[in-house]
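Colleague: Predicted model and sequence follow; I will ask about them next.
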Amino acid sequence: MPNILKIMQTDLYDGDMDAVEAATRKAIDEGMSPKEILDNGLILGMEAVGRDFKAGDLYIPEVLLCARAMHAGMEVLRPLLEESGVPARGKLVIGTVAGDLHDIGKNLVSMMFQGAGFEVIDLGVDVSPEKFIEAVRAENANLIGMSALLTTTMPSMKVTIDALIKEGLRDKVKVLIGGAPVTAKYAQDIGADSFASDAGAAVEAAQNLMA
Ligand code: B1M
C-alpha cells in the first residue's frame, strides 16, 4: 500500500483533521484515484477506529475527532467524486433514520449519487418516517435511501416503508437501504427494494432499480 495512505490512516486515527486533509491532497497529487484514497485510506482508517471503539480502547470524544478528520478528507474528495456530471438520472431523498446520528456513510452515499448524476435531497440525520414522507411528496422523488448504523434504529426503516404504503406512495418510490448492520435479508424482510453494502454498490443498485 502506498505510504501516503498509511499516513492518512494514522492521521485519521489520531483525529488530526488538518493532517488528513493534507494527506488526501497529497494522495491526489500523487495520481491516486478518489476511490482508492477513499477505500484504502479514509475507510480503512475508520475501520481501525471502529475496531478499537468496540474494544473500549477509544471513547466517543476521540471517535468524534476521527469522524471530523474523515469529513475533512471527504470534503477534498467531494468534487472529484461528483465530477462525472451526467444529467439527473433520478431524484433521491436520503437520510439517516430516526434516533441515529451516524452520517459519515450516508454522506458518502450522497456524494456517490451526486457523482453518478442523481439529484440528491439530503435530509441529514435522525430523520423520522414523517420527514421522509413529507420530502418524498414535496420533492416528487422516485428513490428513497435510508441509512442506519445501529441495530436499535434499523426498525425505523420498516416503519417508514409502512408509512409509505399507508400514504399511498409506495408504488411511486423505490426504497434502498444500507448501513453496517443492515443486510440483504433484512431488506427483503421489511419490503425494501434493494440493499447495498457500500456507496458504490448503492449507486449500482439504484441504477438497476431505475432501469
Ligand atoms: Co457509533 N456505533 N455510536 N458513533 N460508530 C458504531 C456504529 C458501532 C458499530 C461501534 C461498535 O460498537 N463497534 C456501534 C453500533 C452497535 C450496533 O448497534 N450494532 C456504535 C454505537 C453503539 C454508538 C453509540 C450508541 C455509542 C454510545 O453513545 N454509547 C452512539 C449512538 C449515537 C446515535 O446515533 N444516537 C454512537 C455515536 C457515534 C459517534 C457520534 C461518536 C460517531 C458518529 C459520528 C458521525 O457519523 N458524524 C460514531 C462512529 C464514528 C462510529 C463508527 C466507529 C464508525 C462509523 C462510520 O462512520 N464508518 C462505528 C463502528 C463501525 O462501523 N466500524 C460505530 C465509516 C463509514 C464510511 O461506514 O457508516 O458503515 P458506514 O457506511 C458505509 C456502508 O455501511 C454503506 O456505505 C457506506 C460507505 O461505504 N452505507 C449505505 C451506509 N449507509 C448506506 C445507505 C445506503 C447504502 C449503503 O442506501 C441508502
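Modeller: Cool, the structure landed. Residues are numbered from 1 along each chain as shown.
Colleague: so what's the residue nearest to the spatial centre of the chain up against?
Modeller: Nearest residue to the geometric centre of the chain (Cα atoms, centre = their mean): Lys106, 2.3 Å. By Cβ atoms under 8 Å, 6 or more residues apart in numbering, Lys106 lies in contact with Ile94, Gly95, Thr96, Asp122, Val125, Gly145, Ser147, Gly179. (Each C-beta comes from the backbone N, C-alpha and C, glycine too.)
Colleague: So the fourth one sits against Lys91, correct?
Modeller: The reference is to Asp122. No. Using Cβ atoms under 8 Å, Asp122 makes no contact with Lys91, being 12.0 Å away.
Colleague: These two: which has the busier surroundings?
Modeller: Asp122 (21 against 17; other Cβ atoms under 10 Å).
Colleague: tell me the contacts of the more buried one?
Modeller: Ile94, Gly95, Lys106, Asn107, Ser110.
Colleague: nearest to Ala141, of these?
Modeller: Among these, Ile94 lies closest to Ala141 (Cβ to Cβ), at 9.3 Å.
Colleague: Helix or strand next in line after the lowest-mean-pLDDT helix or strand in the chain, which one?
Modeller: Across the helices and strands of the chain, mean confidence by mean pLDDT, DSSP states H and E is lowest for helix 104-115: a mean of 82. Scanning forward in sequence from helix 104-115 by DSSP states H and E, the next helix or strand is strand 119-122.
Colleague: where's the helix ranked longest in the chain relative to the chain centroid, distance-wise?
Modeller: The longest helix of the chain (DSSP state H) is helix 60-82. Relative to its chain's centre, helix 60-82 lies at 12 Å (Cα atoms, centre = their mean, to the nearest Å).
Colleague: tell me the angle of the helix or strand just after that helix relative to helix 104-115?
Modeller: Heading C-terminal from helix 60-82, the first helix or strand you meet, by DSSP H and E, is strand 91-96. Counting by axes from the mean of the first three to the mean of the last three Cα atoms, to 10 degrees, strand 91-96 points 170 degrees away from the direction of helix 104-115.
Colleague: Where does the prediction get shaky in this protein?
Modeller: Scanning the chain for pLDDT under 70 picks out the ranges 84-88, 115-117.
Colleague: at 50 instead, please
Modeller: Counting by pLDDT under 50, the ranges of the chain that qualify are 84-87.
Colleague: how does it divide into domains?
Modeller: 3-84, 91-210 (automatic domain parsing).
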